[in-house]
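Student: Predicted model, plus sequence, below.
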Amino acid sequence: GAAQKAVYWPQRQISTLLRYGATSTYGLAYDGKTFFASDHPVNPKDTRKGTYSNIITSAGVYGAATNEVALQNLQKVSGAIRSLKMADGITPRFLQPKAILCSSVAYPYFAQITNAKFLALSAGSSGTSGGSGDIEGHLQSLGFGDVIECPELNGFESDTTYFVLAQAAGVPQNEMSAGFAYLEREPFATTFYTGAGGGNAYVDAVLDRENSLEWHIQGRNKAGYGHPFAVFKCTA
């Protein structure tokens, strides 16, 4: 019903920003680039500091040739996130991957990889002669936290694209998703109209003649893009 839509509304808005973040459909990042771009300036006021990308390519997990390749791709994502610099171009941002957002189709694959204790390794991989390797400690060192199933991403780019939320060391967990802002000017509220009166309802002559009830639900809010370095789009 209407109440369910009101509760779901913020999630729906953020998921829309995720899907269209590589376009200008819903606005640009504060540096003038599309939110997901390969050339974000490290310092928007000093282009000499270089650029960074929050799009990581060849990083597929769902559809990867083997689980080992999927793990290698997650290693690539973790390294890319940890390598970002502050606006001075020197100081590390101390970012760590903290959550993965993926479609329902891809979710079982991510859950399997990130919760695995052992993984089949090919000959020569990590200095081994093949067989299975204990990767539990290695996965913990990569820092990937929760894998979050997002039905809003179902079918998006063949389910192979996923998003990683990054968090700076020492930042509280509830401030992890600084890549987006959701401003609520007025919370959703329901106005109840009736023809018969009673309670907190507003009496309406037309509804009285029709012997009907009516509800209006509305609010004022806005979702927008925040820090590009806080969210990474990872593609196959």
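Tutor: All right, it came through fine. Residues are numbered from 1 along each chain as shown.
Student: Helix or strand with the lowest mean pLDDT in this structure?
Tutor: Sorting the helices and strands of the chain by mean pLDDT, DSSP states H and E puts strand 129-134 at the bottom, at a mean of 57.
Student: for the next helix or strand after it, packing partners?
Tutor: Going down the chain from strand 129-134, the next helix or strand is helix 136-142, by DSSP states H and E. On a contact count with 3 or more Cβ pairs under 8 Å, 6 or more residues apart in numbering; DSSP states H and E, helix 136-142 meets helix 67-82. Quick note: C-beta positions are derived from backbone N, CA and C, even for glycine.
Student: Strand partners (parallel or antiparallel) of the very next helix or strand once past the helix it packs on?
Tutor: Of the helices and strands lying after helix 67-82 in sequence (DSSP H and E), the nearest is strand 95-102. Note on strand 95-102: by DSSP bridges, its sheet partners are strand 146-149 (parallel), strand 162-168 (antiparallel).
Student: how far off helix 67-82 does strand 95-102 point, in degrees?
Tutor: Put simply, strand 95-102 runs at 130 degrees to helix 67-82, going by axes from the mean of the first three to the mean of the last three Cα atoms, to 10 degrees.
Student: chain center to strand 95-102: distance?
Tutor: The chain centre lies 8 Å from the centre of strand 95-102; the measure is Cα atoms, centre = their mean, to the nearest Å.
Student: just stretch 32-49 next, same as before
Tutor: Put simply, stretch 32-49 sits 20 Å off its chain's centre (Cα atoms, centre = their mean).
Student: in it, what's buried?
Tutor: Using 16 or more other Cβ atoms under 10 Å as the test for burial, stretch 32-49 gives 33-37, 40-43, 49.
Student: Pick the most buried one from the strands paired with strand 95-102.
Tutor: strand 162-168 (a mean of 24; mean count of other Cβ atoms under 10 Å).
Student: average pLDDT for stretch 152-162?
Tutor: Averaged across stretch 152-162, pLDDT comes to 97.
Student: ok, residues contacting it?
Tutor: Here stretch 152-162 makes contact (Cβ atoms under 8 Å, 6 or more residues apart in numbering) with 11-12, 15-16, 18-19, 60-63, 100-106, 110, 233-236.
Student: List buried residues within these.
Tutor: For those, a neighbour count by 16+ other Cβ under 10 Å gives the buried set as 15, 18-19, 60-62, 100-103, 105-106, 110, 233-236.
Student: These in strands, which ones?
Tutor: 100-102, 233-234 (DSSP state E).
Student: which of those residues lies closest to residue 88?
Tutor: For these, the residue nearest residue 88 by Cβ to Cβ is residue 233; the value is 25.5 Å.
Student: and the gap between the closest one and residue 113?
Tutor: 19 Å (Cβ to Cβ, to the nearest Å).
Student: Could you do residue 221 as well?
Tutor: Counting by Cβ to Cβ - residue 221 and residue 113 are separated by 36 Å.
Student: coming back round to it: could I get the ones in strands among the buried ones among the contacts of stretch 152-162 as TSV with distance to residue 190 and pLDDT?
Tutor: Formatted as TSV, these follow (distance: Cβ to Cβ, whole Å; pLDDT from 0 to 100):
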residue	distance to residue 190	pLDDT
100	36	96
101	31	97
102	34	97
233	37	98
234	40	98
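Student: what's the closest of the residues you listed to residue 77?
Tutor: Checking these against residue 77 by Cβ to Cβ gives residue 234 as the nearest, at 5.6 Å.
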